[in-house]
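Trainee: here's a sequence, model it:
(4 chains)
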Amino acid sequence: MRCAVVARPLDPAALLAEVTSPAVGAAVLFVGTVRDVNDGKPVVGIDYSAYGPMAEEELARIVGEAAERFGTGQIAVEHRTGTLGLSEASIVIAVAHARRAPAMDAQRWLIEEIKRRVPIWKREHYADGTREWVDPTAASAEVAS
Amino acid sequence: MRCAVVARPLDPAALLAEVTSPAVGAAVLFVGTVRDVNDGKPVVGIDYSAYGPMAEEELARIVGEAAERFGTGQIAVEHRTGTLGLSEASIVIAVAHARRAPAMDAQRWLIEEIKRRVPIWKREHYADGTREWVDPTAASAEVAS
Amino acid sequence: MALSVLCFASWGDVFGPRVEVDLPAGATVGDLLTHLSSRPEARRLPTPVVAVNRRYAAADVSLSAGDEIAIIPPVAGG
Amino acid sequence: MALSVLCFASWGDVFGPRVEVDLPAGATVGDLLTHLSSRPEARRLPTPVVAVNRRYAAADVSLSAGDEIAIIPPVAGG
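Mentor: Model prediction:
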């Protein structure tokens, strides 16, 4: 198990390699990337900011809970902060397990819990030059990726 | 959309890059690997063999169905044949989508359909030197990875 | 009607990669399976399905000389 | 009781990264939220939750001078 909040580009292949072992039969990777549109508005980039120390602690709690709940310690998660351009990865989650079903279950549980609990925020930059903090709880918020 | 049955080592990072675009918010990767034990027996390697032409056609049908069902053409799948050692990847499935939930739904649907429909077989090599075709329909078969 | 049938995995081990079968004109997938399964060497093999021209075919599908016919034992890809 | 409260995202834009608050001894998380939300500059901000010593804290949790206290607007990681 390893997780981190980092200010550098993420390397999905490195996280995948980190969780793979001869004891696993399936490894899954989730990569969240900056999309060119949100809620109907053209997006050109995103600033991610974090309450760093708590974000890392909360992420570690979530990963520990996932390990217990899904029965695998083969989990690696990195979340990036700073200014990201289109297609850049904001989060990578790697999970491996002896069996494929719990690997995929853990993947889904992890991304949902991380989005719900980790104190990280994003401010979208729109094509018209404006910027806005994204509030997933706002009524207008699209089901976010 | 692209899929293939190939006789060379798979490159998960290449498939991930292939499906990523500025229009997607999530990319997921499934990697099936050779596990060191199956049904309680120590495994040292697996031969994968295919009914090549039909395997590629059936895989293409499955990928086409997934694209329609989950609303994304950003899908790449490769299945490897030949003799694989421990931890080597037998299949890589990459899916990207504007939204994360259908990306993960498609990932799970694809691996289940591929396992059910694509004419590919595996013969496990055990530590005691014996070899056996794996029959997932046999009563003793463990829920396979 | 002479049919050439592809065999894979455990069926290929027993019958070889291709087995020649002679069935009456109009024979179906079910007839082919009955014919092959009745051979003594098939006794310990897992129950297969049949593909005709690279698609899975139900038991009532009629076979023609020239079809690409394959015996598909339980698949185990992924 | 003097408290130093970390603010992030939209709350940080309005209050700065750290806001000093004076509350009666024994004040709770709920008291802090009531106090900050009553300020005019908070009127258009989204409803936050509070973390105490890097864990989410319910409204009835008591605050102490020296706690690491943070206002957490709706999170949007991932």
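Trainee: give me the secondary structure label for the residue nearest the centre of chain C.
Mentor: Central residue of chain C (Cα atoms, centre = their mean): C:Ile71, 3.6 Å from the mean position. Per DSSP: H, G, I helix; E, B strand; the rest coil, the local secondary structure of C:Ile71 is strand.
Trainee: report how many residues lie close to the closest residue to chain B within chain C.
Mentor: Nearest to chain B in chain C, going by Cβ to the nearest Cβ, is C:Gly77, at a distance of 3.1 Å. Every residue, glycine included, has its C-beta placed from N, CA and C. Per other Cβ atoms under 10 Å in any protein chain shown, the neighbour tally for C:Gly77 reads 27.
Trainee: same deal with A:Gly52?
Mentor: Count around A:Gly52 with other Cβ under 10 Å applied: 13.
Trainee: which non-adjacent residue is nearest it?
Mentor: A:Val5 (6.0 Å; Cβ to Cβ, 6 or more residues apart in numbering or on different chains).
Trainee: equivalent analysis for C:Gly26, please.
Mentor: C:Ser62 (5.9 Å).
Trainee: just give me the residue right at the centre of chain A.
Mentor: A:Ile91 (3.3 Å).
Trainee: looking at this, that one is in a strand?
Mentor: Yes - checked against three-state DSSP, A:Ile91 lies within a strand.
Trainee: what is the burial count for A:Ala103?
Mentor: 27.
Trainee: and the residue in chain C that chain A sits nearest to, what does it touch?
Mentor: Going by Cβ to the nearest Cβ, chain A is nearest to C:Gly78 of chain C, at 8.0 Å. By Cβ atoms under 8 Å, 6 or more residues apart in numbering or on different chains, the contact set of C:Gly78 is A:Arg100, B:Gly32, B:His79, B:Ser90, B:Ile91, B:Ile111, B:Ile114, B:Lys115, B:Val118, B:Ile120, B:Ala144.
Trainee: swap in A:Leu16?
Mentor: Residues near A:Leu16 by Cβ under 8 Å, 6+ apart: A:Ala27, A:Leu29, A:Ala94, B:Pro12, B:Ala13, B:Leu29, B:Val31.
Trainee: is residue 56 in a helix, a strand, or coil?
Mentor: Unless you meant another one, I'm taking chain A. Per three-state DSSP, A:Glu56 ends up helix.
Trainee: that's the wrong chain, I wanted chain C
Mentor: Per three-state DSSP, the local secondary structure of C:Tyr56 is strand.
Trainee: so what's the residue nearest to C:Gly16 when sequence neighbours are not counted scoring on pLDDT?
Mentor: Nearest residue to C:Gly16, sequence neighbours excluded (Cβ to Cβ, 6+ apart): C:Cys7, at 6.6 Å. Model confidence at C:Cys7, given as pLDDT, is 98.
Trainee: on that earlier part again, mind putting the contacts of C:Gly78 into a markdown table with secondary structure and pLDDT?
Mentor: Below are the contacts of C:Gly78 laid out as a markdown table (DSSP: H, G, I helix; E, B strand; the rest coil; pLDDT from 0 to 100):
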| residue | secondary structure | pLDDT |
| --- | --- | --- |
| A:Arg100 | helix | 98 |
| B:Gly32 | strand | 98 |
| B:His79 | strand | 98 |
| B:Ser90 | strand | 98 |
| B:Ile91 | strand | 98 |
| B:Ile111 | helix | 98 |
| B:Ile114 | helix | 98 |
| B:Lys115 | helix | 98 |
| B:Val118 | coil | 98 |
| B:Ile120 | strand | 98 |
| B:Ala144 | coil | 46 |
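Trainee: point me to the residue of chain C nearest chain D.
Mentor: Relative to chain D, the nearest point of chain C is C:Gly78 (28.2 Å; Cβ to the nearest Cβ).
Trainee: can you pull the contacts of the residue nearest to C:Gly16?
Mentor: Counting by Cβ under 8 Å, 6+ apart, C:Cys7 has contacts C:Val14, C:Phe15, C:Gly16, C:Pro17, C:Arg18, C:Val19, C:Ala70, C:Ile71.
Trainee: inside helices: which ones of those residues?
Mentor: If you go by DSSP state H, the contacts of C:Cys7 have C:Val14, C:Phe15 in helices.
Trainee: pretty sure A:Val28 is touching A:Met104, no?
Mentor: Yes - between A:Val28 and A:Met104 there is a contact at 5.8 Å, judged by Cβ atoms under 8 Å.
Trainee: between these two, which contacts overlap?
Mentor: B:Phe30, B:Gln107.
Trainee: more neighbours, these two?
Mentor: Neighbours were counted for A:Val28 and for A:Met104 using other Cβ under 10 Å; A:Val28 has more, 28 against 22.
Trainee: in the sheet, who's paired with the more buried one?
Mentor: Beta-bridge pairing of A:Val28, defined through DSSP bridges, involves A:Val95, B:Phe30.
Trainee: can you tell me which residues in chain A are near chain C?
Mentor: A:Arg100 (Cβ under 8 Å from any Cβ of the partner chain).
Trainee: where does pLDDT dip in chain C?
Mentor: Across chain C, nothing is flagged by pLDDT under 70.
Trainee: ok, which stretches of it are helices?
Mentor: Under DSSP H, chain C gives helices at C:9-15, C:29-37.
Trainee: is it possible to export the ones you listed to CSV including mean neighbour count and distance to chain D?
Mentor: Putting the helices of chain C into CSV (neighbours: other Cβ atoms under 10 Å in any protein chain shown; distance: least, Cβ to the nearest Cβ, whole Å) gives the following:
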stretch, mean neighbour count, distance to chain D
helix C:9-15, 21, 43
helix C:29-37, 17, 50
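Trainee: who in chain C is up against chain B?
Mentor: Within chain C, the positions near chain B by Cβ under 8 Å from any Cβ are C:6, C:8-10, C:13, C:46-47, C:51, C:54-56, C:70, C:72-78.
Trainee: can you rerun that using 6 Å?
Mentor: Within chain C, the residues that sit near chain B (Cβ under 6 Å from any Cβ of the partner chain) are C:8-10, C:46, C:51, C:54, C:70, C:72, C:74-78.
Trainee: how about chain A?
Mentor: A:13, A:16, A:20, A:22-23, A:25-32, A:35-36, A:86-87, A:99-100, A:104, A:108, A:145.
Trainee: got a ChimeraX select line for the buried ones in these?
Mentor: To isolate the buried subset of those in ChimeraX, counting by 16 or more other Cβ atoms under 10 Å in any protein chain shown, use the following:
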select /A:13,16,20,22,23,25,26,27,28,29,30,31,32,35,36,87,99,100,104,108,145
